[in-house]
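**Q** what's the 3D shape of this:
(chains A and B)
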Amino acid sequence: MRAARSEGACNWRPQAGRETLCLRAALKAQIRAFMDERGILEVDTPHLAHHAVPDPELSCFTVTGSRARYWLIPSPEYHLKRLLAAGYGDVYSLGPVFRDGEEGLLHEPEFTLLEYYRVGWDARALAEEAAGLVARLTGRPDRVRFIRFVDLFKEALGVDPLTVPGRQLWEAIEPERRPAGIEPDDRAALCDFWLGMMFYPRLGEGETVVVHGFPAEAAALARLDPADTRFAQRFEMVVGGIEIANGYHELADATEQELRFERDRERRRRTGQPDVTIDPEFMAALRSGLPDCSGIAIGFDRVVLLAAGKDDLASTLAFPLAGSDPEMGS
Amino acid sequence: MTTYTTNEFKSGLKIILDGDPYNVIENEFVKPGKGQAFNRVRIRNLKTSRVIEKTFKSGDTVEGADVVDVEMQYLYQDGTHWHFMHPETFEQYHAEAAPMADAACWLKGEEVCIVTLWNNRPLLVTPPHTVVLRVTRTDPGLRGDTSSGGSKPAELETGASVRVPLFIQEGELIKVNTRTAEYVARGKE
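**A** Got it, this is the predicted structure:
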């Protein structure tokens, strides 16, 4: 897969071909035109931040300067929400984000994220608009199917993942495919396993699939469904078996957000991960009032991958980091 | 004892799983949008050579296997064991039949093999890439055949069977590729 990179002692050549880089540039221009037509303002947000994020599943890179220590942003979310809270209206950013330890066929520690917000929109309206954008960019059919998180499990396994004993989710996995390091009753991790390893790779052929209604425990920065608080108004978008976007009807309740951050910190402590301080400027912005809005983050490199018909994220980049370690082998 | 986390899994790393030593072939990081990440790893069982796929929770730790490859000279076979000698320490090692599965039929003595040691005991013996052996039995070739023509079965002095070109005669030396069990060329002493 990456054999080309291992030839010779030092391969300085770009990974992506020129035609792929032309495609990247053209897709960025299309995105900017799409946003411009709709009056969504492009903003540059910083890449160095004073605080990391508490999400236990995200690890930020640290940068040590001569005067202070910084973190590389894993997403522009906090800054964009500060703009929203300040009344700047619909905004987007298209730029690099950084996540430590995420290296693989579909992961690069540094990747390009398109993140945008629509004031006064709910998650469904935003998902429909974004699905249209993704279909246009990738040249795939502009057909969207919405499916609830629990219905994915009900259709495939005939069980409600939130009410069956966690063990049943474990036993439903063929013995040789069961993951090591997961307790057989760890419902949250087993849901992630089914979703990421079993369901997603088979979803989104000839259509865009929007998985919505994630469990409240996986709400992250989404608001809970006022009609049924067991679920969050959060969705993920899958195209061609690849998770391409994550969106929320944004949580505007600062007290609730603080509670969730503290829960994240508690989980970090329990699992021996470094503690993270909570960004006070972000919290102050929430307290001052975030307008009712929905937001989505779209993995731009994955859009390029789908548009180019490739299967390896590194092949969409001139200079990928993942796998470029000569010791990695092929 | 060394332990490795899934992020350290690289091609060539030796680990222990369910009591058996494995060689990591490929490590793929998979993460659903948000939430738990996993590593899907292809590994080869060094005892059975079977390749399996195993999924780990990212960050899970696994015990490293003390496995090293050492070049050693093959000495002799005593009926149950194959004996090898380390060229510098002159220390002798003996391997049972299982590690010899792919090697035994190519060795007659003095070949330098790669002996894979696990906890200092032979786990796998890899013969030299090519060996020169004498043909002990084969049908006479037909006149007029050229080296680009057909082939016929031949038995070698170690008991191995390979296909050889029709012009090869009993008593001749041939060079054989031990990985593919194929004839390469006529051999020299």
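**Q** where does A:Ala26 sit: helix, strand or coil?
**A** When classified by DSSP: H, G, I helix; E, B strand; the rest coil, A:Ala26 comes out as helix.
**Q** give me the number of residues near it?
**A** Counted with other CB atoms under 10 Å in any protein chain shown, the neighbours of A:Ala26 add up to 13. (Each C-beta comes from the backbone N, C-alpha and C, glycine too.)
**Q** B:Ala37 too?
**A** B:Ala37: 23 neighbours (other CB under 10 Å).
**Q** mind checking pLDDT for it?
**A** B:Ala37 carries a pLDDT value of 93.
**Q** kindly report the same for B:Pro99.
**A** 89.
**Q** repeat for A:Asn246
**A** For A:Asn246, pLDDT reads 97.
**Q** low-confidence regions, the chain specifically.
**A** By default, I'm working from chain A. A:1-9, A:322-330 (pLDDT under 70).
**Q** should've been chain B
**A** B:141-149.
**Q** residues contacting the residue positioned nearest the centre of it?
**A** Central residue of chain B (CA atoms, centre = their mean): B:Thr126, 3.6 Å from the mean position. By CB atoms under 8 Å, 6 or more residues apart in numbering or on different chains, B:Thr126 lies in contact with B:102-103, B:113-116.
**Q** run a quick neighbour tally on the closest residue to A:Glu243 other than its chain neighbours.
**A** In space, and not counting its chain neighbours, A:Glu243 is closest to B:Gly33: 4.8 Å by CB to CB, 6 or more residues apart in numbering or on different chains. B:Gly33 has 25 neighbouring residues, counting by other CB under 10 Å.
**Q** from chain A, how far out is the residue nearest to the centre of chain B?
**A** Note on B:Thr126: its distance to chain A, by CB to the nearest CB, to the nearest Å, is 19 Å.
**Q** and that residue, what are its bridge partners?
**A** B:Ile114 (DSSP bridges).
**Q** over to the one 4 residues further on?
**A** For B:Thr130, the beta-bridge assignment (DSSP bridges) gives partners B:Asn177.
**Q** quick one: it and B:Phe84, what's the gap?
**A** Distance, B:Thr130 to B:Phe84, using CB to CB, to the nearest Å: 19 Å.
**Q** what about these two, which has more around it?
**A** Set B:Thr130 next to B:Phe84 and count neighbours by other CB under 10 Å: B:Phe84 wins out with 25 against 14.
**Q** now do the contacts for the closest residue to the more buried one other than its chain neighbours.
**A** Distances taken as CB to CB, 6+ apart place B:Met72 nearest to B:Phe84, at 4.1 Å, with adjacent residues excluded. Applying CB under 8 Å, 6+ apart, we find B:Met72 in contact with B:84-87, B:93, B:112-115.
**Q** can we see that at 10 Å?
**A** Neighbouring residues of B:Met72 by CB atoms under 10 Å, 6 or more residues apart in numbering or on different chains: B:83-87, B:89, B:91-93, B:95, B:111-115, B:117, B:122, B:125.
**Q** if I read this right, the residue nearest to A:Glu243 contacts A:Ala222, doesn't it?
**A** No - if you go by CB atoms under 10 Å, B:Gly33 and A:Ala222 don't touch, sitting 11.9 Å apart.
**Q** what residues are shared contacts of those two?
**A** A:214, A:234-235, A:246-247.
**Q** now intersect those with the strands, please.
**A** Members of the shared contacts of B:Gly33 and A:Ala222 lying in strands (criterion: DSSP state E): A:214, A:234-235, A:246-247.
**Q** distance to A:Phe261 for those - can I get that in TSV?
**A** Below are these laid out as TSV (distance: CB to CB, whole Å):
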residue	distance to A:Phe261
A:Phe214	18
A:Arg234	16
A:Phe235	22
A:Asn246	18
A:Gly247	20
